[in-house]
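>>> sequence? don't have it. structure:
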């Protein structure tokens, strides 16, 4: 599983992301996190920066790597 985490996320949503990651860890589910420290919720469309584009590329590469035989 691959999860992108926006550093400038709303506190309410950020809390649920942390709860999700804790539950995944508790159940032994591996989650690859791609952090976007300066990204807002929806960073892939709202923050068209080099950093956000790189985060999308990293997330896509991670998903493709997980799907590869």
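On my side now, so go ahead. Because the structure is predicted, anything quoted here is derived from the model rather than measured.

>>> Residue 22 belongs to a helix?
Yes - per DSSP: H, G, I helix; E, B strand; the rest coil, residue 22 lies within a helix segment.

>>> now it: how far from residue 52?
For residue 22, the distance to residue 52 equals 26 Å [CB to CB, to the nearest Å]. (C-beta placed from N, C-alpha, C; glycine too.)

>>> Please say which of these two ends up with more neighbours.
Using other CB atoms under 10 Å as the criterion, residue 22 and residue 52 rank with residue 52 on top: 21 against 10.

>>> I figured that one hits residue 42, correct?
No - using CB atoms under 8 Å, residue 52 makes no contact with residue 42, being 10.0 Å away.

>>> which secondary structure elements does the strand or helix carrying residue 16 contact?
Per DSSP states H and E, residue 16 falls inside helix 11-26. Other elements packing on helix 11-26 under the criterion 3 or more CB pairs under 8 Å, 6 or more residues apart in numbering; DSSP states H and E are strand 2-6.

>>> who's in contact with the strand it packs on?
For strand 2-6, the external contacting residues (CB atoms under 8 Å, 6 or more residues apart in numbering) are 17, 20-21, 31-36, 39-41, 43-44, 55-56, 59, 62-63, 66.

>>> Work out the sheet partners of that strand and label each with its direction, please.
If you go by DSSP bridges, strand 2-6 pairs up with strand 32-36 (parallel).

>>> which element follows the partner strand toward the C-terminus?
Going down the chain from strand 32-36, the next helix or strand is helix 43-46, by DSSP H and E.

>>> now for that next one, which elements pack on it?
strand 2-6, helix 50-67.

>>> Which one of these lies nearest to residue 12?
Judged by CB to CB, the one of the helices and strands packed on helix 43-46 that comes nearest to residue 12 is strand 2-6, at 12.9 Å.

>>> now the angle from the closest one to helix 50-67?
160 degrees (axes from the mean of the first three to the mean of the last three CA atoms, to 10 degrees).
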